[in-house]
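# Attaching a predicted model along with its sequence, questions to come.
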Amino acid sequence: MTISVGENCPDFTLPDDHGDPVALADVRGTPFVLYFYPRADTSGCTREAVDFSGLAADFQAAGVAVFGVSPDPVKKHQKFGTSY
């Protein structure tokens, strides 16, 4: 699926790093960042996630939720989150 600039995000429900569902409906109407990466533990993806984590307090203060999406299984997300 491709999303173009200015196009609305399609509805989705995906598991978070604890396996709990997160749906677009949960954040609709509030600002959020949705970024995509191909695989955890690669240099580019790690740098991107670490940069977002480093700015977490700023995003939270601005009321902006941040979600990273990849095809990795939940256990890999958990390991990645613990490592970084």
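That came in fine, so what should we check first?
# Give me the distance between residue 31 and residue 23.
16 Å (Cβ to Cβ, to the nearest Å). Yep, even glycine has a C-beta here, placed from its N, CA and C like the rest.
# what do you get for residue 61?
Per Cβ to Cβ, residue 61 is found 24 Å from residue 23.
# Where does pLDDT dip in the protein?
Judged by pLDDT under 70, the chain has its weakly predicted residues at 84.
# Which parts of it are helices?
With DSSP state H, the ranges of helices along the chain come out as 24-27, 43-54, 56-61, 74-83.
# Of all the ones you listed, which one is nearest residue 18?
Checking these against residue 18 by Cβ to Cβ gives helix 74-83 as the closest, at 7.4 Å.
# Show me which residues of that closest one are buried.
Neighbour counts using 16 or more other Cβ atoms under 10 Å place 77, 78, 80 of helix 74-83 among the buried residues.
# I'd like to check the angle between that helix and helix 43-54, please.
Counting by axes from the mean of the first three to the mean of the last three Cα atoms, to 10 degrees, helix 74-83 lies at 60 degrees to helix 43-54.
# quick one on the thing from earlier: between residue 61 and residue 23, point out the one with more neighbours.
Neighbour count, other Cβ atoms under 10 Å: between residue 61 and residue 23, residue 23 has more, with 11 against 8.
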